[in-house]
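Undergrad: Compute the structure for the input listed below.
(one chain, ligands or ions: 1)
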Amino acid sequence: MQHPATPRLAWAITGSGHFLGECLALVESRTDVDLFLTRAAAEVLVMYGVDLKRLRERITCYRDGAASAPPVARFYQGIYSRLVIAPATSNTVAKMVCGISDTLVTNIYAQAGKCRVPSIVFACDTAPAMQTEAPGGQVMVYPRRIDLENVERLRGFEYTTVVDSVAALAAALALPP
Ligand SMILES: Cc1cc2nc3c(=O)[nH]c(=O)nc-3n(C[C@H](O)[C@H](O)[C@H](O)COP(=O)(O)O)c2cc1C
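TA: Okay, here's the model as predicted:
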């Protein structure tokens, strides 16, 4: 199969408000991004005031609507040089470290790995106490031991870089794939 000369960036958003605006700003600053949304992401984006219809007018957007995650085929076609999952919920991280692929985003993470496409994961739960953005403003959250352990386990996965901040995400994106 012939691969495209200019590979694109696959960017997955999960159902998290953690630095969601900053992640979207990074997405919007680029012209090479296709978006992949979990069902929860499609709901949560609206709760944070994002107009999904207008977003889809600007950026190609794949939503989670089928059990077999048909857009994974795009990874077999060499369309993407990298996958970014930002922000990544504790739910999606837990599934990824268990090898579960039952949403669009956990499926593309699995297929990216199987196609040796590197992934950058901006996990939400990286400290025992942290401020995060709720729809009404900033709140304190206290990730559980299981959430923190899952992030640590993910750091050891092949073809996976875990980042803990928006600055680290931007720095990882600035590196060649
Ligand atoms: C407004 C809102 C904000 C949320 N923010 C987070 C978050 O920062 N981190 C997280 O792990 N879950 C968060 N959740 C919960 C997830 O959306 C929920 O666990 C969902 O099942 C995740 O599904 P997904 O991983 O397939 O996207 C949030 C939910 C809502 C309604």
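Undergrad: Can you list phi and psi of the residue nearest to Glu22 when sequence neighbours are not counted for me?
TA: If the residues on either side of it in the chain are set aside, Glu22 comes closest to Val166, at 4.5 Å by CB to CB, 6 or more residues apart in numbering. C-betas here are computed from N, CA, C, even on glycine. For Val166, the backbone dihedrals are phi -70, psi -40 (criterion: degrees, to the nearest 10).
Undergrad: does the most centrally placed residue in the chain count as helix, strand or coil?
TA: In the chain, the C-alpha nearest the mean C-alpha coordinate belongs to Ile85, at 1.7 Å (CA atoms, centre = their mean). Assigned by DSSP: H, G, I helix; E, B strand; the rest coil, the conformation of Ile85 is strand.
Undergrad: quick one: it from Val163, how far?
TA: When distances are taken as CB to CB, to the nearest Å, Ile85 and Val163 turn out to be 10 Å apart.
Undergrad: hey, what's in contact with both of those two?
TA: Taking CB atoms under 8 Å, 6 or more residues apart in numbering as the criterion, Ile85 and Val163 both touch Ile120, Val121, Phe122.
Undergrad: which ones are touching the second one?
TA: Applying CB under 8 Å, 6+ apart, one finds that Val121 lies in contact with Val84, Ile85, Ala86, Ala88, Val93, Met96, Tyr109, Leu154, Thr160, Thr161, Val162, Val163.
Undergrad: go with 10 Å
TA: With contact taken as CB atoms under 10 Å, 6 or more residues apart in numbering, Val121 is in contact with 12, 83-88, 92-93, 96, 109, 151, 154-155, 157, 160-163, 169, 172.
Undergrad: So which of these sit within helices?
TA: Mapping the contacts of Val121 onto helices (DSSP state H) picks out Thr92, Val93, Met96, Tyr109, Val151, Leu154, Arg155, Leu169, Ala172.
Undergrad: Give me the subset of those that also touch the ligand.
TA: When contact is defined as CB under 6 Å from any ligand atom, these meet the ligand at Thr92.
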